[in-house]
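# what would the 3D arrangement of this be:
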Amino acid sequence: MREEFVPRILACAFSVAALTAVANALSFVLTYLVMFGPNVSGLDEFTLAVGHVFSLPMSVGLALKCLLFGVLVAVVPIATAIAAPAGDAHVPSAVARCLVRLFIAIGALQALSLAAKYV
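Predicted coordinates for the structure are as follows:
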């Protein structure tokens, strides 16, 4: 069983981290283009502002949150599928149960992240 689930969990966590990195890079580029246009004259000022916003503790916290989010997105559906009774008649209730559990888990992760940031 370990041979089936560990690669799936790792792949899901990696895919969430990769999507987060692409989204962050795109948002940085678009923010720079909106603020300074398509020239490099404001690159020093923009880099300094980004460095102030994304300090080392903030970046580590964001990376950890993204990794945990990816693990949750991988583990919760697997755990719900294992716990579901066999048969096609139970699939809709298992899917609904999975969505509720995933929503609660992601909400709890976000609440813990905010509590760690502001406490």
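# C-alpha from now on. contacts and neighbour counts both.
Fine.
# following the host helix or strand of residue 79, which helix or strand shows up next?
Taking DSSP states H and E as the criterion, residue 79 maps to helix 56-83. The helix or strand immediately downstream of helix 56-83 is helix 91-118, counting by DSSP H and E.
# average pLDDT for the helix holding residue 79?
Mean per-residue pLDDT for helix 56-83: 84.
# now it, how far from the centre of its chain.
Offset of helix 56-83 from its chain centre (Cα atoms, centre = their mean, to the nearest Å): 7 Å.
# can you give me the pLDDT of the residue lying farthest from the centre of the chain?
Most distant residue from the mean C-alpha position of the chain: residue 41, 32.9 Å away (Cα atoms, centre = their mean). Here, the pLDDT recorded for residue 41 equals 88.
# the closest residue in space to residue 101 that isn't next to it in sequence and residue 45: what is the separation?
In space, and not counting its chain neighbours, residue 101 is closest to residue 76: 7.1 Å by Cα to Cα, 6 or more residues apart in numbering. In this structure, residue 76 and residue 45 are 43 Å apart, going by Cα to Cα, to the nearest Å.
# who has more neighbours out of those two?
More crowded of residue 76 and residue 45, by other Cα atoms under 10 Å: residue 76, with 17 against 11.
# the helix or strand encompassing residue 17 - what's its average pLDDT?
Element membership for residue 17 (DSSP H and E) is helix 2-36. The average pLDDT for helix 2-36 rounds to 85.
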